[in-house]
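J.: got a structure for you, letters missing:
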């Protein structure tokens with residue numbers, strides 16, 4: 001028989017990419033639009049518990065604050081007023097919260113089980129200044145659940161859409177139904193995983209996935225990129241359909257969990273017999289070394305077994321004994337730390353990953369929109385790449401951290417999550433791609449400038465002939481002072497028109513004239529070859545060669 005989880009808590013993170021609100025603007029500030037339309041939606045800006053009177057500041061807040069290094073604190077909490085009451089800097093995190101969702105009712109795939117209502121602690125939207133991503137955060141909890149049901153909840157709840165459908169028409173790996181309930185028990189929204197045709201038609205039409213209806217309801221007035229809803233803020237998928245999660249389990253006897261139980265919880269594989277492994281023994285042979293942090297886990301000794309932390313990148317789990325008062329204490333104990341310190345340790349690397357995926361997506365989009373034969377398209381492309389480089393530089397200095405804490409436990413758990421998400425290699429990849437793009441644009445600019453200098457040099461060289469001639473004519477060989485005003489104007493026009501025409505013609509032929517000047521200065525070439533190069537100035541080139549030359553000139 002599966003043992004009971006006396007207290008279960010799960011926090012889902014769903015990173016999404018925001019579409020530009022104003023084309024060409026680097027900082028979009030979508031939270032302003034959300035704040036201006038509060039009468040039409042339930043989202044309200046959330047001022048965290050650090051924005052309180054000094055005499056109301058709690059010990060739990062202090063413990064959370066001192067966990068992080070100073071530069072991380074400025075990112076998470078901003079800065080308070082300085083000496084003399086000067087205004088401090090706000091945190092770049094902008095959080096909105098809705099309070100109309102009280103519960104979520106889950107109906108599981110096994111028909112014999114009754115639906116279970118989970119309490120919803122909070123539903124938040126987390127925006128970041130200067131970064132076009134938003135993270136939906138949903139925290140749920142329940143008491144006295146069978147371990148298998150907890151495993152099933154972790155496996156099925158955070159699914160944005162089905163990956164396939166079973167023979168009976170249910171969404172694969174998804175809940176049978178998920179319903180958001182208000183405080184009175186009224187259903188506010190219901191999942192539609194079973195509506196297979198809707199998902200297929202959407203992908204067939206837009207080449208983009210369709211999100212389940214209960215998730216899109218939660219995000220309104222934000223709306224999907226391809227949607228009939230005309231919301232002011234639109235979003236698109238940025239990661240896999242499974243949402244990253246944190247899980248907290250207080251059990252009757254945590255030391256009685258088997259290795260198979262821990263693997264299922266840490267890798268979020270769904271329920272299964274405790275005496276079996278979800279994967280082959282060879283695949284999980286180093287599970288404890290790779291994913292478990294066991295500094296405080298000692299089930300072989302008497303007394304409470306302590307706490308086992310499991311960090312696999314996609315998931316973070318804390319597992320302990322319900323008889324351990326420190327483990328279940330809400331504010332000062334590990335439950336409070338799980339909801340705050342460890343939540344932030346998990347959130348930061350997922351912000352990093354989502355941001356870099358967003359930058360990568362925008363680079364691909366810029367390349368897809370590029371038409372090298374269209375000058376306006378080329379200019380837009382260059383402007384976009386330069387903006388992305390500026391955003392990346394600001395992200396690096398404002399949000400990118402290799403270390404967030406000097407406390408050994410927090411430091412190691414952060415490193416484990418960061419390692420399995422691959423943020424370091426992703427950062428290097430995006431950095432190299434942006435630098436390659438920037439180097440190309442700088443090289444192209446220098447090449448264009450060099451071509452312009454060559455053409456001006458050619459025009460100047462050939463214009464020198466006219467300058468000498470007109471200078472010679474101005475040596476009082478001909479006296480024009482006795483001419484009338486109209487005669488002087490006529491003489492000026494007679495000279496001005498051919499000189500202008502010759503200058504313009506020299507510019508048109510500057511590319512070929514520069515080739516002639518280069519050949520003329522080459523002492524190794526015979527006179528015939530030089531004359532042949534001069535005749536090339538007026539010869540008609542083949543169409544393919546002419547097109548290539550024109551393309552080089554335009555670029």
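T.: That came through, no problem. All figures in this text were calculated on a predicted structure; none of them were measured in a lab. Numbers count the residues shown, from 1 in each chain.

J.: So what does residue 185 look like in phi/psi?
T.: Torsion angles at residue 185 (phi, psi; degrees, to the nearest 10) stand at phi 80, psi 10.

J.: Apart from its neighbours in sequence, what residue is nearest it?
T.: By the measure of Cβ to Cβ, 6 or more residues apart in numbering, the closest residue to residue 185 outside its immediate chain neighbours is residue 103, 7.7 Å from it. From N, CA and C alone the C-beta is placed, and that goes for glycine too.

J.: What ranges does the protein have for its strands?
T.: 4-18, 44-45, 93-98, 103-107, 116-128, 131-146, 177-181, 187-190, 223-224, 234-237, 245-251, 292-293, 307-311, 315-321 (DSSP state E).

J.: Make CSV from those and add mean neighbour count and mean pLDDT to it.
T.: As requested, the strands of the chain are exported to CSV (neighbours: other Cβ atoms under 10 Å; pLDDT from 0 to 100):
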stretch, mean neighbour count, mean pLDDT
strand 4-18, 22, 94
strand 44-45, 14, 90
strand 93-98, 18, 92
strand 103-107, 20, 95
strand 116-128, 18, 95
strand 131-146, 19, 94
strand 177-181, 20, 95
strand 187-190, 15, 95
strand 223-224, 20, 92
strand 234-237, 20, 92
strand 245-251, 24, 95
strand 292-293, 18, 94
strand 307-311, 25, 94
strand 315-321, 24, 93
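
J.: Can I get those strands in TSV including distance to residue 74?
T.: Listed next are the strands of the chain as TSV, based on distance: least, Cβ to Cβ, whole Å:
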stretch	distance to residue 74
strand 4-18	22
strand 44-45	20
strand 93-98	11
strand 103-107	35
strand 116-128	14
strand 131-146	16
strand 177-181	35
strand 187-190	38
strand 223-224	33
strand 234-237	27
strand 245-251	24
strand 292-293	27
strand 307-311	25
strand 315-321	24
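
J.: among those strands, which is nearest residue 408?
T.: Ranking the strands of the chain by proximity to residue 408 (Cβ to Cβ) places strand 292-293 first, at 10.3 Å.

J.: starting at the chain centroid, how far to the closest one?
T.: On the basis of Cα atoms, centre = their mean, to the nearest Å, strand 292-293 sits 29 Å off its chain's mean C-alpha point.

J.: From residue 264, how far off is the nearest residue to residue 258 once chain neighbours are set aside?
T.: In space, residue 258 comes closest to residue 274 once its chain neighbours are excluded; the distance is 4.5 Å by Cβ to Cβ, 6+ apart. Residue 274 sits 9 Å away from residue 264, going by Cβ to Cβ, to the nearest Å.

J.: and these two? which has more neighbours close in?
T.: Neighbours were counted for residue 274 and for residue 264 using other Cβ atoms under 10 Å; residue 264 has more, 27 against 16.

J.: For that one, give me its contacts.
T.: Residues near residue 264 by Cβ atoms under 8 Å, 6 or more residues apart in numbering: 151, 270-272, 278.

J.: re the thing from before, between the strands of the chain, which one is nearest to residue 58?
T.: Taking these one by one with Cβ to Cβ, strand 116-128 is closest: 17.7 Å.

J.: packing partners for the closest one?
T.: Packed against strand 116-128, as judged by 3 or more Cβ pairs under 8 Å, 6 or more residues apart in numbering; DSSP states H and E, are the following elements: helix 30-36, strand 93-98, strand 103-107, strand 131-146, helix 343-369.

J.: Could you list the buried residues of the first one?
T.: Within helix 30-36, the residues scored as buried using 16 or more other Cβ atoms under 10 Å are 30-31, 34.

J.: Could you pull up the contacting residues of residue 151?
T.: 264-265, 269-272.

J.: and which of those is nearest residue 510?
T.: So of those, ranked by how close each gets to residue 510 (Cβ to Cβ), first place is residue 269, at 69.0 Å.

J.: Could you verify my assumption that residue 358 touches residue 17?
T.: Yes - counting by Cβ atoms under 8 Å, residue 358 touches residue 17, with 4.8 Å between them.

J.: what residues are shared contacts of those two?
T.: Residues touching both residue 358 and residue 17 (Cβ under 8 Å, 6+ apart): 132-133, 238.

J.: Quick one: neighbours of the closest residue to residue 267 other than its chain neighbours, just the number.
T.: Spatially, and ignoring its direct neighbours in sequence, residue 267 is nearest to residue 312 (5.7 Å; Cβ to Cβ, 6+ apart). Using other Cβ under 10 Å, the number of residues around residue 312 comes to 21.

J.: Good, wrapping up.
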